[in-house]
Structure formats: structure tokens, C-alpha cells
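In: Need coordinates for the below:
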Amino acid sequence: RSGCKGATLRIGNVRGRPWLITGEAEGIDIHEASGHRFGPDLPALYERWEEFTDWASAAAGEPAGFTPADLGAPSPNPRQVFAIGLNYYGHVQEAGLEVPTEPSVFTKYVSSFAGADAQVALPPGTVDWEVEIAVVIGRTARHVAAGDAWSHVAGLTVGQDLSERGLQLAGAPPQYSLGKSFPGFGPTGPYLVTPDEFADPADLELGCVLNGEPVQKARSTEMVFSVDVLIEKLSRVTTLLPGDVMFTGTPAGVGAVRTPPRFLAPGDELVSYVEGIGSIRQTFLAADAERSGS
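Out: Okay, the predicted model is just below:
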């Protein structure tokens, strides 16, 4: 029997059910291991996050295996999704823009969410990559000070803010949310890792690799607005709810500002990672492959 006591607390969405990840490609079903104390779906787990983490620290059960393709989004049905633009100094500089004085906030629609190992149909246009750290809220946050913000975080996961630049920048004002919400454009995973498992959850390396070539690499200390400040600023305006997801911005290295610009093409493989969490992988198909059902 496998237990989690003393091990990194990682939660995975395995075939639509919450699991405690206990080893390489193995874990225990939380619903079964808890004697049905916790339900078989992830949204309900976030509503009882403090109770769950107390239980999980000493949980035990018979481990079972899974594959990367089994891993869905750690928070698959959030009530709210926040995304932050221009939140790394290097990305602001490469875009030739001014450093924002307040966070630039938009959303990604939940229908864009995908798991850790997904095929994504590329719509016509110019689809770009943006590796990000995604935050999942674990406790209702309203008027939360930055100094208390991390206590409202369930955990961190790897995110990709895939972006169709043509639609994103069309019109005045531009269509940020639509351009970033095609099917598969919001993959997250492979696991959720609780903040206390990091030496410093505000100082993590993140990056992504396209067809074996590193294209982004940075540390989260390069954020314009750190996670705790973002929670403070957002919670002044709106109430953050358990299971809500926040994409925290991307570092330098996106394709649109390269010379010449570089965008994703059918057959490409994109691997995105965050230190201490793991990596997610997308492979890309032509748009007609989605329409034909292949």
C-alpha cells in the first residue's frame, strides 16, 4: 500500500477523477481511498480543500497506474478563469510596450481547457505559444492582502496560453479572450502541486520547447505582478472562488515578435514545464483534421 505522508502533495485529474499522485505514473483514487468521504469529482474537492489536505497528508491506498493521456486539467470546470497579460518584464520589452501599472486581465473560456497530453487542431491564422504558471484557488478570497494571499491558493500547475494572434489583436478594443479560447488552447497539468511543497513558490523556473528547441525560459521572480499581488488586486474587485484558475502571464520568447515571426504548424510538438511540477505536451493538427473527426 502506498501513502503520501512526507511526500510531495500532488493531485491529478485521472480519467475525470481526483487522484493523489504517489509515484511515477501511479496514484490512488481519492474517492475510494477516503472511504467516499470526498466525492469523485474535482470541483467538489476544492470546496473542501483544507479538510482534504489534512486528510491527504496521511492518506494511504492501493496504487494504480495511468498514462499521460489520462491526465485532464487539474481544475477542469472553474467558475472563473483569469489571465494576465504583459506580466513578465522580458515579454513587455520584446513586445515594445510600456510596463503596466495595473494588471491587464482577460479570460480564457473554459471550453478551451485540455489536459497534459493533448492534440490541438490549429485554426487558420497565426497560433503562438505562451508557457505560464497557472494558479488554482483553494479558499474563497475577497479583499485579501498580499501577505495572506498564498493561504488561499490550492496549488500551482503548468499552463499554456495558446493564442491565435490575428483574432487576438483584431479590432479596437482587441479580442484577447476569443483569440485565446479555441478548443485545446488552455491546456494545464500534469498535476496540481500545493504551495508548501516548494522552497519558494514565487521563484520557479518555467519554459517551453518547440520540436526539441527551447523557445522560452525564465523564472517567476521576473513577473511584474507576483501571484500574491495579483490575488490582492483581483480580490479587491471580485470574489475568487475555490477551483478558479489564474494564468499568470508568459515570459519572453513568444513567436510573434521573432524575426521573422514564427508560429505553430501541423506536426509540431510543444512541451511546457514548470520547476517542481512537471511538463505538459501538445501536438498540433490541421484544422480540417478536427472537422473530419480524425
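In: helix/strand/coil for H31?
Out: helix (DSSP: H, G, I helix; E, B strand; the rest coil).
In: what separates it from P18, distance-wise?
Out: H31 sits at a distance of 7 Å from P18 (criterion: C-beta to C-beta, to the nearest Å). (Glycine included, C-beta is placed from N, CA and C.)
In: Which one's more surrounded, these two?
Out: P18 (25 against 18; other C-beta atoms under 10 Å).
In: Checking my notes, the more buried one in a strand, right?
Out: Yes - when three-state DSSP is applied, P18 is found to be in a strand.
In: contacting residues for it?
Out: Contact partners of P18, counting by C-beta atoms under 8 Å, 6 or more residues apart in numbering, are I11, G12, D29, I30, H31, F38, P40, D41, L42, L45.
In: List the beta-bridge partners for it.
Out: Beta-bridge partners of P18, counted by DSSP bridges, are N13.
In: surely P43 meets G243?
Out: Yes - in this structure, P43 is within contact of G243 by C-beta atoms under 8 Å, at 5.3 Å.
In: one step back: and which of the contacts of P18 is nearest to A141?
Out: Among the contacts of P18, L45 lies closest to A141 (C-beta to C-beta), at 17.4 Å.
In: That closest one - that's part of a helix, no?
Out: Yes - with three-state DSSP as the criterion, L45 is assigned to a helix.
In: Return the distance of it relative to D29.
Out: With C-beta to C-beta as the criterion, L45 and D29 are 12 Å apart.
In: who has more neighbours, these two?
Out: Between L45 and D29, counted using other C-beta under 10 Å, the more crowded position is L45 (25 against 18).
In: residues contacting the more buried one?
Out: By C-beta under 8 Å, 6+ apart, the residues touching L45 are I11, P18, I30, F38, G39, F52.
In: ok, and the most crowded of those residues?
Out: I11 (28 neighbours).
In: elements contacting the one helix or strand that residue maps to?
Out: Taking DSSP states H and E as the definition, I11 sits inside strand 10-14. Judged by 3 or more C-beta pairs under 8 Å, 6 or more residues apart in numbering; DSSP states H and E, strand 10-14 is in contact with strand 17-23, strand 26-29, strand 71-72, strand 186-193.
In: pLDDT below threshold where in the stretch 1-150 of the chain?
Out: By pLDDT under 70, the low-scoring segments of the stretch 1-150 of the chain are 1-8.
In: What ranges does it have for its helices?
Out: Per DSSP state H, counting those that start in this stretch, the stretch 1-150 of the chain carries helices over the ranges 30-33, 42-47, 49-56, 89-95.
In: got those as CSV, with distance to E132 columns?
Out: CSV is the format used below for these (distance: least, C-beta to C-beta, whole Å):
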stretch, distance to E132
helix 30-33, 26
helix 42-47, 20
helix 49-56, 22
helix 89-95, 11
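In: Out of these, which gets nearest to Y191?
Out: helix 42-47 (12.0 Å).
In: For the closest one, which residues meet the burial criterion?
Out: Applying a neighbour-count criterion of 16 or more other C-beta atoms under 10 Å, one finds L42, P43, L45, Y46 buried in helix 42-47.
In: Turn the residues you listed into TSV, including distance to V209.
Out: TSV is the format used below for these (distance: C-beta to C-beta, whole Å):
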residue	distance to V209
L42	28
P43	32
L45	31
Y46	30
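In: from those, which is closest to V237?
Out: The closest of the buried residues of helix 42-47, once distances to V237 are taken by C-beta to C-beta, is Y46, at 21.0 Å.
In: Who are the contact partners of that closest one?
Out: Contact analysis of Y46 by C-beta under 8 Å, 6+ apart lists S75, V136, I137, G138, A154, P242, G243.
In: For the first one, give its distance to V254.
Out: In other words, S75. Distance, S75 to V254, using C-beta to C-beta: 25 Å.
In: which one of these two has more residues nearby?
Out: Applying other C-beta under 10 Å to S75 and V254 shows that S75 carries more neighbours, namely 30 against 24.
In: What separation do you get for that one and D128?
Out: Using C-beta to C-beta, we find S75 at a distance of 24 Å from D128.
In: The helices and strands packed on strand 10-14: which one's closest to G96?
Out: That would be strand 186-193 among those, by C-beta to C-beta, at 26.4 Å.
In: pLDDT of that closest one, averaged?
Out: Average pLDDT, strand 186-193: 98.
In: i'd like the first residue to be 21 from this point on
Out: Sure, I'll start numbering at 21, so the last one becomes strand 206-213.
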